[in-house]
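*Asks:* Only the shape, not the letters, is given here:
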């Protein structure tokens, strides 16, 4: 997957692939920082191999080309996930994500208004497909990957954070979050939110002090890509989610 070291997608993908007996390979869009972000350390603890560009001059398009070339070296055993998992309806990633999210949200009344941050916009697309009558209050955090097409055909209002993607706002929410990412929504909620509004908070920065970080491997990934995506929630319970430390 091509992505940022500042988001939780790297953690989610690494955890899921390890659970399925596979390995995540992550192509980051910015050079390696020392020390590494705690989210990236968490991804490493789930066995992820991580590739960084050699400089900030390498474009996202070039990194996408590198990830595609890596995948095409062994197409029968490697699957390229797009940035933010952003996929078209009918694709395995889209359909599985939609089914899993729909099941997780079953029984929750659709909110009238939902606040969330947005980079690639895929989460918002998924939420709108499940809650089509909800009005979405969207705080855009990264104009490099966001496009107006992402919010077509839905009730929405847009807010554009002036901060760089890695910067955290001074005003943080009263709940645990990723301060430089989902934390950007809170100041707009304070200004424009109303009683009864919902906030979608993806997660928090994990405590990595107890983790055993697995060094990146140079060995080829020889795990098999399944021909069929397994049904959502097979062998998975909320209790297991609570036990995950990352």
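*Replies:* That came through, no problem. The structure displayed is predicted, hence computed values, not measured ones.
*Asks:* For the chain, which residues score under the pLDDT cut-off?
*Replies:* Scanning the chain for pLDDT under 70 picks out 143, 145, 212-246.
*Asks:* Okay, domains of it per the record?
*Replies:* The chain breaks down into these domains under automatic domain parsing: 2-81+216-243, 92-199.
*Asks:* Now do the SS call for the residue nearest to residue 130 when sequence neighbours are not counted.
*Replies:* Nearest non-adjacent residue to residue 130, counting by C-beta to C-beta, 6 or more residues apart in numbering: residue 102, 5.3 Å away. To be clear about C-beta, it is placed using only N, CA and C from the backbone, and glycine gets the same treatment. For residue 102, the assignment made with DSSP: H, G, I helix; E, B strand; the rest coil gives helix.
*Asks:* Count the neighbours of residue 102 for me.
*Replies:* 13 (other C-beta atoms under 10 Å).
*Asks:* Does the residue in the chain sticking out farthest from the centre fall in a helix, a strand, or a coil region?
*Replies:* Within the chain, the residue lying farthest from the chain centre (C-alpha atoms, centre = their mean) is residue 195, at 27.8 Å. Classification of residue 195 by three-state DSSP places it in coil.
*Asks:* State the distance from it to residue 189.
*Replies:* From residue 195 over to residue 189 the distance is 11 Å, taken as C-beta to C-beta, to the nearest Å.
*Asks:* related to what we said a few turns ago, could you dump the domains of the chain into JSON lines with distance to residue 207 added?
*Replies:* Formatted as JSON lines, the domains of the chain follow (distance: least, C-beta to C-beta, whole Å):
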{"stretch": "domain 2-81+216-243", "distance to residue 207": "8"}
{"stretch": "domain 92-199", "distance to residue 207": "11"}
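*Asks:* between those, which one is nearest to residue 206?
*Replies:* domain 2-81+216-243 (4.8 Å; C-beta to C-beta).
*Asks:* where do the helices sit along the protein?
*Replies:* Remark: helices assigned in the chain by DSSP state H are 9-19, 38-45, 60-73, 92-105, 122-130, 186-192, 238-243.
*Asks:* returning to what we had before: does the residue nearest to residue 130 really touch residue 127, like I thought?
*Replies:* No. Counting by C-beta atoms under 8 Å, residue 127 is not a contact partner of residue 102; they are 10.2 Å apart.
*Asks:* Who are the contact partners of residue 110?
*Replies:* 130, 131, 133, 134 (C-beta atoms under 8 Å, 6 or more residues apart in numbering).
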